[in-house]
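> Turn this into a structure:
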Amino acid sequence: MKRLLLFLALTVGPLPAQPPATLVKPTVANTITLTAYADNWCAIFINGKLVAVDSIDFLPHNQISVKILPEYPLTIAVLAKDNADPSTGLEYGNQIGDAGFILKLGDGTVTNAKWKAKAFFTGPLNSAIASPQVTRTPLPARWYAPDFDDSAWGFATEYTAARVGPDGDYVAADFTGAAFIWTNDLNLDNTVIFRTTVPAPAGYVKRWNTTPDLDVSQLPAELLPVSTATGTAGQLANLSTRAQVGVDANILIPGFVIGGATARTVLVRAVGPGLVQFGVAGTLADPTLTVFRGSAAIASNDNWQEQANAAAVSTAAVQTGAFALAPGSKDSALVLSLEPGAYTFQVAGAGRTTGVALVEVYVLP
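Model (predicted):
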């Protein structure tokens with residue numbers, strides 16, 4: 001019996017080490033081609049990663065073609081922009097332009113009316129060239145992510161190539177089976193996001209088992225503008241605070257300091273009615289904004305469009321990524337060139353009214 005136990009112990013002892021699994025890397029044969037054309041410009045994300053950007057943001061329109069490595073399901077998200085003045089929605093001074101986007105993948109995926117589409121910048125409203133106004137909606141956070149909820153969005157509208165009128169280096173044969181898409185307003189909607197999800201083709205088998213060591217998951221945040229001035233690692237781009245605005249000593253008075261030796265251009269805003277779209281209750285109906293250097297008032301505004309440089313306010317909002325103020329709203333805003341020094345911004349309610357307001361300072365690039 002002792003001999004039998006010894007024999008069993010020898011036979012069930014540690015097994016020999018197994019060789020590591022074979023690493024299979026993807027090759028060019030595993031890639032597919034993405035081809036896209038936009039009137040005027042586009043940036044394309046797949047599964048949350050930026051894969052293509054139109055390198056020309058003006059005429060001539062530019063057809064782009066890149067190789068991608070498909071990881072199904074593919075979530076494709078596209079930011080498309082037409083050439084339009086941010087403050088008027090017009091192009092070339094007094095013209096209303098049109099737009100269009102088309103895409104085709106090597107796996108057969110094409111743009112069509114099954115894609116989701118939503119506009120975020122429209123103008124000139126009602127095609128009013130003589131007195132152009134625009135409306136803007138802030139781009140939602142992580143609009144490019146696979147888990148972003150676009151279920152409430154409408155669908156794209158298809159257009160013929162003849163209606164879009166592609167030019168530049170557009171090659172129709174590269175888009176066989178694809179349709180030009182946009183929202184239902186090809187002329188007035190100037191910034192649009194498209195989204196779709198593509199399942200794996202029938203019989204698809206992933207041929208590789210490696211993953212990249214390179215981390216590009218933070219790329220969208222890393223692309224945000226930072227200072228490139230000599231000797232600086234970055235700079236404050238935005239300061240904001242939201243609070244209840246009272247009267248007399250209880251008005252809102254934040255401070256701000258411009259450092260360095262040169263003047264900086266800033267966008268300053270006092271937002272009350274503009275907060276309603278974000279579900280804020282009890283907002284200040286008619287905020288006023290006054291900028292002080294020391295005890296001296298250097299600028300003021302009540303109702304942002306009632307000033308000579310109202311267009312500069314709209315343009316600055318686009319440049320800094322600030323949400324748009326509604327045309328004719330009673331929100332207040334100023335674009336100022338400020339010399340180095342300390343400043344305060346006093347926000348009060350017209351007619352001694354009270355309510356919740358947001359005061360913001362943006363440093364323009």
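
> so which helix or strand takes in Thr35?
Assigned by DSSP states H and E, Thr35 belongs to strand 32-39.

> Direction included, what does that strand pair up with?
With DSSP bridges as the criterion, the sheet partners recorded for strand 32-39 are strand 63-68 (antiparallel), strand 100-105 (antiparallel).

> Off-centre distance for the first one?
Translated: strand 63-68. 21 Å (Cα atoms, centre = their mean, to the nearest Å).

> Output the contacting helices and strands for the next helix or strand after that strand.
Downstream of strand 63-68, the next assigned helix or strand under DSSP H and E is strand 74-81. Contact here means 3 or more Cβ pairs under 8 Å, 6 or more residues apart in numbering; DSSP states H and E; on that basis strand 74-81 packs against strand 32-39, strand 41-46, strand 100-105, strand 189-198. C-betas here are computed from N, CA, C, even on glycine.

> for strand 74-81, what is the average pLDDT?
In this model, strand 74-81 has an average pLDDT of 96.

> next one: stretch 146-165
Averaged over stretch 146-165, pLDDT sits at 96.

> Can you measure across it, start residue to end residue?
Criterion Cα to Cα, to the nearest Å; first-to-last residue distance in stretch 146-165 is 32 Å.

> Quick check, pLDDT for the spatially most central residue of the chain.
Closest residue to the average C-alpha location of the chain: Leu139 at 5.0 Å, with Cα atoms, centre = their mean. If you check Leu139, the pLDDT there is 82.

> Helices of the stretch 1-150 of the chain, residue ranges please.
With DSSP state H, counting those that start in this stretch as the definition, the stretch 1-150 of the chain shows helices at residue ranges 2-11.

> Low-confidence stretches in it?
Within the stretch 1-150 of the chain, the stretches falling below the threshold (pLDDT under 70) are 1-21.

> Repeat the analysis, applying 50 as the threshold.
In the predicted model, the stretch 1-150 of the chain carries pLDDT under 50 at residues 1-13, 19.

> Residues contacting stretch 357-365, please?
225, 235-243, 245, 252, 254, 256, 264-272, 274-275, 283-284, 287, 289, 316, 319-320, 322, 335, 345, 347, 349 (Cβ atoms under 8 Å, 6 or more residues apart in numbering).

> now the residues you listed: which count as buried?
Neighbour counting by 16 or more other Cβ atoms under 10 Å classes 237, 239, 245, 252, 254, 256, 266-272, 274-275, 283-284, 287, 289, 316, 320, 322, 335, 345, 347, 349 among those as buried.

> For Ser240, see how far away Ala285 is.
In this view, Ala285 and Ser240 are 20 Å apart by Cβ to Cβ, to the nearest Å.

> let me fix that: Ala326
18 Å.

> ok, Val257 - contacts?
Listed by Cβ under 8 Å, 6+ apart, the contact partners of Val257 are Gly341, Ala342, Tyr343.

> what number of residues lie near Val134?
Neighbours of Val134 under the rule other Cβ atoms under 10 Å: 23.

> I'd like the distance between it and Ile102.
Val134 sits 25 Å away from Ile102 when distances are taken as Cβ to Cβ.

> Check Ala316 too.
Ala316 sits at a distance of 33 Å from Ile102 (criterion: Cβ to Cβ).

> so Ala243 sits in a helix?
No. Following the definition DSSP: H, G, I helix; E, B strand; the rest coil, Ala243 is strand and is not counted among the residues of a helix.

> That one and Leu252 touch, don't they?
Yes. Shown here, Ala243 and Leu252 form a contact pair, counting by Cβ atoms under 8 Å, at 5.3 Å.

> Okay, now the unreliable bits of the stretch 201-350 of the chain?
Low-confidence segments of the stretch 201-350 of the chain (pLDDT under 50): 224-234.

> the strands in it, which residues?
With DSSP state E, counting those that start in this stretch as the criterion, the stretch 201-350 of the chain has strands at 238-245, 255-258, 264-271, 287-293, 296-301, 332-338, 341-349.

> Mind putting these into CSV with distance to Ile96?
As requested, the strands of the stretch 201-350 of the chain are exported to CSV (distance: least, Cβ to Cβ, whole Å):
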stretch, distance to Ile96
strand 238-245, 32
strand 255-258, 39
strand 264-271, 27
strand 287-293, 33
strand 296-301, 30
strand 332-338, 26
strand 341-349, 37
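
> Next one: Ile68 from Pro86, what distance?
Going from Ile68 to Pro86 by Cβ to Cβ gives 31 Å.

> cool, Thr241 as well?
Between Thr241 and Pro86 the distance is 26 Å, computed by Cβ to Cβ.

> What of Leu358?
With distances defined as Cβ to Cβ, the gap from Leu358 to Pro86 amounts to 21 Å.

> between these two, which one's more packed in?
Looking at Leu358 and Pro86 with other Cβ under 10 Å, you find the greater number of neighbours at Leu358, namely 22 against 19.

> Which strand residues bridge the more buried one?
Per DSSP bridges, residues listed as beta-bridge partners of Leu358: Arg242, Val271.

> what do you get for Lys116?
According to DSSP bridges, beta-bridge pairing links Lys116 with Phe155, Arg195.

> ok, Pro140 - contacts?
Shown here is Pro140, whose contacts under the criterion Cβ under 8 Å, 6+ apart are Phe148.

> Next: Ala324.
By Cβ under 8 Å, 6+ apart, the residues touching Ala324 are Phe121, Val134, Thr135, Arg136, Thr137, Pro138, Ser314, Ala317.

> which among the residues you listed end up buried?
By neighbour count, with 16+ other Cβ under 10 Å, these hold Phe121, Val134, Thr135, Arg136, Ser314, Ala317 as buried.

> can you give me phi and psi for the second one?
With angles defined as degrees, to the nearest 10, Val134 shows backbone torsions of phi -130, psi 160.
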